[in-house]
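Trainee: Pasting the sequence and the predicted model now:
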Amino acid sequence: MDILASSTGSYTSLKKLTKTFKSVKNKSLSDKTIKNYIDYLIDSFITNSGSGAAMLM
C-alpha cells in the first residue's frame, strides 16, 4: 500500500509499479497481479479511482 500511496498525484503505469516493487521491496509481481491488487482495493472502497484517474493498462 505504501508504494501505491507514494505515487498519489502522479501518473504511473503497471510496468512502473512492477519495477518499483522489484527494486524497493525485492518482490517480483506481474502487471496482472498488481492490477488485481488495485482492483481489490477499489472494490473494497479503500481507494477510489476518481473521475480524473488514468486507466491502468
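Mentor: Arrived safely, thanks for sending.
Trainee: In which helix or strand does the residue lying closest to residue 27 once chain neighbours are set aside reside?
Mentor: The spatial neighbour of residue 27 that comes closest, neighbours along the chain excluded (C-beta to C-beta, 6 or more residues apart in numbering), is residue 21 at 4.8 Å. Every residue, glycine included, has its C-beta placed from N, CA and C. Assessed by DSSP states H and E, residue 21 sits inside helix 14-25.
Trainee: so what secondary structure elements neighbour that helix?
Mentor: In terms of contacts (3 or more C-beta pairs under 8 Å, 6 or more residues apart in numbering; DSSP states H and E), helix 14-25 is packed against helix 2-6, helix 31-43.
Trainee: can you tell which of those helices is closest to residue 15?
Mentor: helix 31-43 (6.4 Å; C-beta to C-beta).
Trainee: Next, the buried residues of that closest one.
Mentor: Residues of helix 31-43 classed as buried: 34, 38 (neighbour count, 16 or more other C-beta atoms under 10 Å).
Trainee: how many degrees apart are it and helix 14-25 in direction?
Mentor: Put simply, helix 31-43 runs at 90 degrees to helix 14-25, going by axes from the mean of the first three to the mean of the last three C-alpha atoms, to 10 degrees.
Trainee: for the record, mean pLDDT for helix 31-43?
Mentor: Helix 31-43 carries an average pLDDT of 87.
Trainee: Which neighbouring elements make contact with that helix?
Mentor: Contacts defined by 3+ C-beta pairs under 8 Å, 6+ apart place helix 31-43 against helix 14-25.
Trainee: Now the helix it packs on: buried residues?
Mentor: 14, 17-18, 20-21.
Trainee: what sits against the residue nearest to residue 27?
Mentor: 3, 27-29, 34 (C-beta atoms under 8 Å, 6 or more residues apart in numbering).
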